[in-house]
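In: coordinates for the following, if possible.
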Amino acid sequence: MAFTTIAKASEHFDCPTRAGSSSTTTITGMGFKPDMLWIKRYNGNGHPVLNDSTKGIGFNWIPSGNNANDTTNYVASYTSDGFTLTGNLENTNNLGDDYVGACWKANGGTTSSNTDGSITTTVQANQDSGFSIIKYDMNVTSATAFTIGHGLSAAPELVFFFSLDQSGSTSNIVYPNNP
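Out: Below is the predicted model of the structure:
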């Protein structure tokens, strides 16, 4: 990805830490609506939870768990200045545990169709920060080569893939792009 100058990185990314409460909790003060959350308990065991506003509430990726596609409503909503977590859930909001949440801004939940690749995708992209969220239907065999439009002006340097309709950690792929 070509380097860009971002005057204020906090307008595109934030990493709040907090204590779990075991009750509905709203995290605010980001200055933007986050589109992707990566929440992890850092004072004990537990799986990280990823959720994004394109796939929506109840479509989570658990990269270290056996249930890669978790449908628990960890995130209750995305707000204009943060997000709201549901109550007593061990991986995101358990009383007595401490959490960190990496939060990225894409396009405020607004998606568009992208036909730049051989597969049409649904994309929300943040050109300023070089970050996008992509959703597509895989209707080809694993041996078929395909390309995916990502909505950015340069090839991404890191890509995360995961399936929405297959369970198990084997459906998770992390692919760093080698320019």
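
In: show me the contacts for the most centrally placed residue in the chain.
Out: Centroid-nearest residue in the chain: residue 36, 3.4 Å away (criterion: C-alpha atoms, centre = their mean). Residue 36 makes contact with 50-53, 103-104, 106, 131, 133, according to C-beta atoms under 8 Å, 6 or more residues apart in numbering. C-beta coordinates here come from the backbone N, C-alpha and C atoms, glycine included.

In: of the residues you listed, which belong to helices?
Out: Applying DSSP state H to those, no entry is found in helices.

In: which strand residues bridge residue 126?
Out: residue 131 (DSSP bridges).

In: check it and give its pLDDT.
Out: On pLDDT, residue 126 comes in at 94.

In: now residue 173
Out: So, for residue 173, pLDDT stands at 52.

In: now residue 26: how far from residue 57?
Out: As judged by C-beta to C-beta, to the nearest Å, residue 26 and residue 57 stand 14 Å apart.

In: compare those two and say which is more crowded by neighbours.
Out: residue 57 (17 against 12; other C-beta atoms under 10 Å).

In: and residue 148, what pLDDT?
Out: 86.

In: can you count the residues close to the nearest residue to it once chain neighbours are set aside?
Out: In this structure, residue 148 finds its nearest non-sequential neighbour in residue 117, 4.4 Å apart by C-beta to C-beta, 6 or more residues apart in numbering. Look at residue 117: counted by other C-beta under 10 Å, it has 14 neighbours.

In: and residue 117, how far from residue 72?
Out: 31 Å.

In: check residue 36 too.
Out: 17 Å.

In: equivalent analysis for residue 10, please.
Out: Here residue 10 is placed at a distance of 29 Å from residue 72 (C-beta to C-beta).

In: between those two, which one's more packed in?
Out: The neighbour count for residue 10 versus residue 72, taken as other C-beta under 10 Å, is higher for residue 72 (16 against 12).

In: surely that one meets residue 89?
Out: Yes. Between residue 72 and residue 89 there is a contact under C-beta atoms under 8 Å: 6.6 Å.

In: okay, now the unreliable bits of this structure?
Out: Filtered on pLDDT under 70, the chain yields the residue ranges 1-4, 65-68, 139-143, 164-179.

In: if we use 80, what do you get?
Out: 1-7, 63-69, 138-145, 157-179 (pLDDT under 80).

In: now the helices for it?
Out: Taking DSSP H as the criterion, the chain carries no helices.

In: ok, the contacts of residue 36 vs residue 6, which is closest?
Out: The closest of the contacts of residue 36 to residue 6 turns out to be residue 131 (C-beta to C-beta; 11.0 Å).

In: which ones are touching that closest one?
Out: For residue 131, the contact set (C-beta under 8 Å, 6+ apart) comprises 12, 36, 104-106, 125.
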